Every structure is written in C-alpha cells, then in structure tokens.
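**Student:** with the input below, show me the fold.
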Amino acid sequence: MKLASNSPELSLRWRLSTIALFAFLLLCASAAMASPAYVRVNQAGYESENSPFRAYLMSAVPESGATFKVINSDGHIVYQDAIGALLGTWSNSTKLVYEVYALNFSAPGGDVYTISVEGPEAATSPQFAVDAPAVLYPGLLLNTLWFYETERDGPDYIPNALRTAPGHLNDKNTTVYDTPPLNSNDLITTTGTPLTSTGEVINGDGGWWDAGDYMKYVETISYTTALMEIGVRDFPKQMGPNAPQNPPAPPVSVSYAGNASGAPTSSDFSKEAQFGFDWLMKMWDDSSKTLYYQVDNSRTGKTFPVSKPSMTFGRCRRRLTITSTATQTISISATVPDSSPRPLDRKSVRISQAEWQRHSRSITSFIEPRIQRLRSRRCKTPKTFSR
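**Tutor:** Sure, this is the predicted structure:
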C-alpha cells in the first residue's frame, strides 16, 4: 500500500523528522562552540633524541592554574606539569581570540601519546608519536612523492590508483599569447575578449598541475624542483637513491600512499626532480632570451575566463615573459603509453646541473639590469598564455 504525498500521517511524520534533525544539528553546533580550548601538537611526530618537546594550548579563556599530562598508548602518565607561560594570542577574527600557552614535556621514544589538559577549559590533543627519524619520516616522504607523481601533466604520467590516463596532450603544441591589459590593481581590463596570439607555438607539455588543473607555473615548479634536487643531493638516504624500500606507514597516520596501487616503493625523488627540470627547460628559450612563465587552461582557448591578478610576474618583465598555451580542448586519452621517465644517473645529473647553471647565469644577466629600468614604469606588452 502506498501513502499519498498529501497523507496527514506522512506529513506529520516528515515535520517531526525535520524538527528532530534541526534540533540535532543545533546540539552539534552547540557542542562544537562549547569547546574553546585545543592542544596543538606536531602530528608528524617528535624525534626522540631532541627532547624536551613542545606543544601548545590554545584557549579562548584564561587558563591560570591549568595542568597537563602526557599519556602513553597503555594509558599511563609519563609526564605531568603545570602549563607554561602565556606566549601571546592568536586569532583569525576579532570575535574569537585564543591565548596560547607553552606545553614543554618529555616522553620516551617508540610510543604514541596524547596530552590532556585540566583547568578552566579542558582539552585533549590528537595522537602523536615520539620516535626515531627513520620511523617518522620515510612514510611521509613517500606520501609526498606519491602526490607529485599523481599531479604529473602530459604524456609521461605514472599510472596509479588515482590516475588512469595522461592529461592535456594538446600542450605539445602550445600557442603563445600576449598578456591582456592590466589596471593599477593588476586586474585584467579586457576580460571576455579574445587574446592576441604572438604566432609562436612551443612544447608546453609536462610539469605538475596547480590551482585545480588550471595552471602550471614556472615560479612554483622551479621552487619545487630545486627543493627536490637539494633533498636528493643533501639527504640521499631519505630522498635519494638510498632511500629505504617499502617503508612502513607513519605512526598514527591518517592515510598512507604506500598501500595504494601504483605507489612508489621508496621516497627517491631523483626521477621526479628530473621530470620537473625537463619542463622548466622547455620554458626558457635561450636564443631569444624568452621566459615562458605560465601555462594556463581556458575553456575555449581563445579568451581568458577570469579577472584576477594572475599575470603579476609578467607585468614588469615585458621582454622576458611569455606565457603559453592554446590547447583548444583538454585531451584525456584512455591509452596508457610507456611513461617511464629516463633514469637520473650520475652523468645526467652533472649535465643537467651544468645546463641549469649556464641558463641561470644567462637569465640572471639578462633580467637584473632590466628589472632596475622597469621598476618605476609600467610594461606595455607583456606576454601571457591560454590553453
């Protein structure tokens, strides 16, 4: 038997259900607002050899006389003391200001802990580990490498649980556009009108996605690549060829990429650094001294769709900046090509570093004198991009 939608019994039932749901949500909101104190800890963990450690109590009320306890995984108290001095205040609005107190403590390595505060406002921390660096970091580094492998753009993608095809294959033929006019606030003044192509076409594929698959920035990718290369060079046992194979999940981790399909088996960033380096080299034309500083994706490939100050870098480097691209559509292929990046052996490392140093000197010698001349005047025809 079906009840009609205008049944009084059904109508009453819906009303009661709605009232009950509303009351429940109010109760949840009240409970959330009734917790004005928090304990902040290093959730990556504390290195056992670097005691004493520090956590922070943040409270919306004064915590004079409060004490805290450090409790291990068996429920035993391993440390207790009065909270430390008031360090200052923190707030992201004028309506709610937190007082911040130091919680200095010690705890044996090889275990997981929580901190419990007793005082005017009680609070309990998330779980955290105290252990050796070899236990705390390899899994976190592997998670990081997995992120960048997943964010790869172009044909050299790495199949994994989150990626089944390459992206933006049309970037191989990237059209270069002039940057549209900008006002004094660096906002585009011709939003919605066609961009002006320079007639140049470059290979812009590769690099890592940024800004939700809409941008690839030379600025941010250069920082990322440099940090990866520094890590490989200075920490070969953690980020280089000698990184441990199949490290365990980090203690009390929320997620761990090492258990996923297609995940890296170690946190060796050598190939990923090379991947970033290869794209950066495509963005510099040494013969014309042109830096293509940004690859952008628009829906049509003909107009820039949003009005925002995204061309700041280009505004005062008129001859340097071109950004790129006109892939008229976003191409996602179902074909999985052989996408293994070339090995980053010792020879290629030396060559890459030498090439990069040569280009860096060339770029620097070209940029610096022009920056001084351009600093006090507005550039007229900087160049930009659009996919």
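
**Student:** rest of the way, CA atoms for contacts and neighbours
**Tutor:** OK.

**Student:** let me see the mean pLDDT of the host helix or strand of residue 117.
**Tutor:** Using DSSP states H and E, residue 117 falls within strand 111-118. The average pLDDT for strand 111-118 rounds to 98.

**Student:** after that strand comes which helix or strand?
**Tutor:** Next along from strand 111-118, by DSSP H and E: strand 123-124.

**Student:** and that following strand, what does it pack onto?
**Tutor:** strand 37-40, strand 111-118 (3 or more C-alpha pairs under 8 Å, 6 or more residues apart in numbering; DSSP states H and E).

**Student:** turn the ones you listed into a markdown table, columns for distance to residue 190.
**Tutor:** Listed next are those as a markdown table, based on distance: least, C-alpha to C-alpha, whole Å:
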| stretch | distance to residue 190 |
| --- | --- |
| strand 37-40 | 47 |
| strand 111-118 | 55 |
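
**Student:** let me know which of these is the nearest to residue 98.
**Tutor:** Closest approach to residue 98 among these (C-alpha to C-alpha): strand 37-40, 8.1 Å.

**Student:** packing partners for the closest one?
**Tutor:** Secondary elements touching strand 37-40 (3+ C-alpha pairs under 8 Å, 6+ apart): strand 53-59, strand 123-124.

**Student:** contacts for it?
**Tutor:** 55-61, 115, 117, 121-126 (C-alpha atoms under 8 Å, 6 or more residues apart in numbering).

**Student:** neighbouring strands of it in the sheet, and parallel or not?
**Tutor:** Note on strand 37-40: by DSSP bridges, its sheet partners are strand 53-59 (antiparallel).

**Student:** residues in contact with the strand it pairs with: which ones?
**Tutor:** 36-42, 46, 98-106, 121.

**Student:** lowest-pLDDT helix or strand in this protein?
**Tutor:** In the chain, no helix or strand scores lower on mean pLDDT, DSSP states H and E than helix 312-315, which sits at a mean of 28.

**Student:** out of the helices and strands packed on strand 123-124, the one nearest residue 172 is which?
**Tutor:** Once the helices and strands packed on strand 123-124 are compared by C-alpha to C-alpha, strand 37-40 is nearest, at 46.4 Å.

**Student:** give me the mean pLDDT for that closest one.
**Tutor:** 96.

**Student:** skipping its backbone neighbours, what lies nearest residue 135 in space?
**Tutor:** Nearest residue to residue 135 in three dimensions, chain neighbours excluded: residue 250, at 6.9 Å (C-alpha to C-alpha, 6 or more residues apart in numbering).

**Student:** check which helix or strand covers that neighbour.
**Tutor:** Going by DSSP H and E, residue 250 is not in any helix or strand.

**Student:** quick check: it touching residue 133?
**Tutor:** No - at 10.6 Å, residue 250 does not count as touching residue 133 under the criterion of C-alpha atoms under 8 Å.

**Student:** which one's more surrounded, those two?
**Tutor:** The neighbour count for residue 250 versus residue 133, taken as other C-alpha atoms under 10 Å, is higher for residue 250 (22 against 14).

**Student:** quick one, what contacts that one?
**Tutor:** Each residue near residue 250 by C-alpha under 8 Å, 6+ apart is listed here: 135-140, 256.

**Student:** tell me the one of the residues you listed nearest residue 158?
**Tutor:** Residue 158 lies nearest to residue 256 out of the contacts of residue 250, by C-alpha to C-alpha, at 17.8 Å.

**Student:** what does the average pLDDT come to for stretch 285-303?
**Tutor:** 72.

**Student:** quick one: low-confidence ranges for this structure?
**Tutor:** By pLDDT under 70, the weakly predicted segments of the chain are 1-35, 211-213, 297-387.

**Student:** show me the helices in it, by range?
**Tutor:** Counting by DSSP state H, the chain has helices at residues 8-33, 133-136, 138-150, 218-234, 236-239, 270-282, 312-315, 346-374.

**Student:** related to what we said a few turns ago, please check the contacts of strand 53-59 and keep the buried ones.
**Tutor:** 36-41, 46, 98-106, 121 (16 or more other C-alpha atoms under 10 Å).

**Student:** residues near residue 119, how many?
**Tutor:** For residue 119, using other C-alpha under 10 Å, the count is 15.

**Student:** surely it is in contact with residue 69?
**Tutor:** No - Residue 119 lies out of contact with residue 69 (C-alpha under 8 Å); the separation is 11.6 Å.

**Student:** phi and psi next, for the nearest residue to residue 149 once chain neighbours are set aside.
**Tutor:** Residue nearest to residue 149 in three dimensions, not counting chain neighbours: residue 158, with 6.3 Å by C-alpha to C-alpha, 6+ apart. Dihedral angles of residue 158 (phi, psi; degrees, to the nearest 10) stand at phi -110, psi 110.
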